[in-house]
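Q: With the sequence up front, the predicted model follows.
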Amino acid sequence: IGLAKFANAFLIGLSILMGLNAAGVDLTALTVLTGAIGLGLGFGLQSIAANFVSGFVLLMDRSIKPGDVISLSGQNNGTTTENFGWVQELRGRYVVVRDRDGVEMLVPNQQLISNAVINWSYTDPRIRLKLPVRVSYADDPELALKILLTACEGQSRVLHEPAPASRLMHFGDSGIELELRFWISDPQEGVNNVRSLVNRAIWRLFKEHGITIPVAQREIVMRSAPPDLD
């Protein structure tokens, strides 16, 4: 449809110019005008041309293809899924990406070429997820680490190989910072849903074993002013 409209407009303009030339109208004065119009069109079509060329590159190198799970944030540490979605189709000017809310984003091809994009399923569909967990200093961190691994048992989407791992990351101001790491092979089925299942299992097991998840606390010390300042 777009090409048909463009061809129709081009033929109409060409017909007008040929008619003016046949009527003896001097078209030399229109040279500057047509040059300015051509320059403006060149700048206006620059972005469109870049998107078409970028789309051709994406089709050739297959770095992004329908079915891939990508993040457009550029950076990811395994704990967030900002701008997370599934590639639906590649078009000449843009890529259709469907997010977790069912909304389809039309991402210009040039953006995918010039910016960093995380392809969660580029060579291997398996991805590792990280769940940070904080426990109280009054609790046994060794027991908490074992419970984190137990929370992965019975989760159908959590892979046994590579096996889940739990780590003590550092000693924070409000508690001991732990981290559970596990792998899944089907990110296209969603990432936060499997995180939710594992987190619920962690909460249940912590309750059963008396492990406390502390909240940040701040102490305010109030001192009386000396009498001589009254």
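A: Perfect, I can see it now.
Q: mind checking how far the residue nearest to residue 96 when sequence neighbours are not counted is from residue 99?
A: Of all residues beyond its chain neighbours, the one nearest residue 96 is residue 88 (4.1 Å), with distances taken as C-beta to C-beta, 6 or more residues apart in numbering. Heads up, the C-betas are built off the backbone N, CA and C, glycines and all. In this view, residue 88 and residue 99 are 11 Å apart by C-beta to C-beta, to the nearest Å.
Q: what helix or strand does residue 143 sit in?
A: Element membership for residue 143 (DSSP states H and E) is helix 141-150.
Q: before we move on, back to that, surely the residue nearest to residue 96 touches residue 103?
A: No. If you go by C-beta atoms under 8 Å, residue 88 and residue 103 don't touch, sitting 11.4 Å apart.
Q: Would you mind telling me which of the two has more residues around it?
A: Neighbour count, other C-beta atoms under 10 Å: between residue 88 and residue 103, residue 88 has more, with 14 against 9.
Q: can you tell me how far the residue most central in space within the chain sits from residue 109?
A: Nearest residue to the geometric centre of the chain (C-alpha atoms, centre = their mean): residue 71, 2.3 Å. Distance, residue 71 to residue 109, using C-beta to C-beta: 17 Å.
Q: What of residue 206?
A: Residue 206 is 47 Å from residue 109, by C-beta to C-beta.
Q: higher neighbour count, those two?
A: Shown here are residue 206 and residue 109; by other C-beta under 10 Å, residue 109 has more neighbours (24 against 20).
Q: who's in contact with the more buried one?
A: Residue 109 makes contact with 51-52, 54-55, 57-58, 93-95, according to C-beta atoms under 8 Å, 6 or more residues apart in numbering.
Q: With residue 48 instead?
A: Residue 48 touches residue 93, counting by C-beta under 8 Å, 6+ apart.
Q: Specify the local secondary structure of it.
A: On the three-state scheme (DSSP: H, G, I helix; E, B strand; the rest coil), residue 48 is labelled helix.
Q: one step back: for the helix holding residue 143, packing partners?
A: strand 127-135, strand 165-171, strand 176-184, helix 192-209 (3 or more C-beta pairs under 8 Å, 6 or more residues apart in numbering; DSSP states H and E).
Q: So which of the ones you listed is the most surrounded?
A: By mean neighbour count, with neighbours taken as mean count of other C-beta atoms under 10 Å, strand 176-184 ranks first of the helices and strands packed on helix 141-150 at a mean of 20.
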